[in-house]
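*Asks:* just coords:
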Ligand SMILES: CCc1ncnc2c1ncn2[C@@H]1O[C@H](/C=C/CNC(=O)c2cc(-c3ccc(F)cc3)cc(O)c2O)[C@@H](O)[C@H]1O
Ligand SMILES: [Mg+2]
């Protein structure tokens, strides 16, 4: 059976990237996905916005929803201080195993834990099973119609604290209208829009930052 696109992305990383160098892994994926096969990584343009927001927040505990191939997990984890950690949720076993290998090649396995399963099943386990108190930073990049319900779930599970930062990819394209409506009309969130472009394309997109006010 011929390989999947995600397997080809792993091949190009394991063949071309410098082991232990997250930047070279990111460059390798961005090069492959802009020249050969488009893939839904956050990419280098929105990635720079993500970098700035993560650096400013300097989070200790990060949750990512939707690992895919691990590109944004690497992007975020490479900026974290020594004791900080990133938990990333992925329900597709093939993507989870490919992401694990790519994160390992980047040398970030000690900072990143991939939790295999559905976000709505794993989020309620974060406190007891994964020893999370509250989340400093959440990157939402999974199914777009799950952004809003999972945001409600995070709050219900007591995982958000005053100043917790939610950053959502693709709020323009493919779009996350329910999420935007929910956070923008909610006094408990302070929202900022970051206009950009869809990864590797000229299409308009944006990321939305929603800071939880408690
Ligand atoms: C059930 C909850 C739940 N629990 C755990 N894991 C979950 C999950 N729901 C999903 N996953 C995993 O997350 C990833 C999916 C991500 C979904 N992302 C986009 O759809 C997207 C699309 C475009 C675009 C597509 C086509 C275009 F033409 C243009 C743009 C661009 C983007 O940046 C995009 O992020 C996969 O790994 C899923 O296995
Ligand atoms: Mg995305």
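*Replies:* Arrived safely. Because the structure is a prediction, the values reported are computed rather than measured. Ligands and ions are numbered 1, 2, ... in the order given.

*Asks:* C-alpha only now, for contacts and for neighbours.
*Replies:* Noted.

*Asks:* and the helices in the protein, which stretches?
*Replies:* 5-16, 22-35, 43-57, 71-77, 93-105, 119-122, 147-156, 177-184 (DSSP state H).

*Asks:* nearest to ligand 1, out of those helices?
*Replies:* For ligand 1, the closest of those is helix 119-122, at 4.0 Å, according to CA to the nearest ligand atom.

*Asks:* is any residue of the closest one near ligand 1?
*Replies:* Yes. Using CA under 6 Å from any ligand atom, helix 119-122 reaches ligand 1 at residue 119.

*Asks:* which of the residues in that helix are buried?
*Replies:* 119, 122 (16 or more other CA atoms under 10 Å).

*Asks:* again, but for stretch 118-131
*Replies:* So, applying 16+ other CA under 10 Å, buried residues of stretch 118-131: 119, 122-124, 126-127.

*Asks:* now distance to ligand 2 and pLDDT too, for those, in TSV please.
*Replies:* Shown next, in TSV, are these (distance: CA to the ion, whole Å; pLDDT from 0 to 100):
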residue	distance to ligand 2	pLDDT
119	16	99
122	20	98
123	20	99
124	23	99
126	23	98
127	26	98
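
*Asks:* can you pick out the most distant pair from the residues you listed?
*Replies:* 119 and 127 (13.8 Å; CA to CA).

*Asks:* tabulate the buried residues of stretch 118-131 in CSV, adding columns for distance to residue 90.
*Replies:* What follows is these, written out as CSV (distance: CA to CA, whole Å):
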residue, distance to residue 90
119, 8
122, 10
123, 12
124, 15
126, 14
127, 18
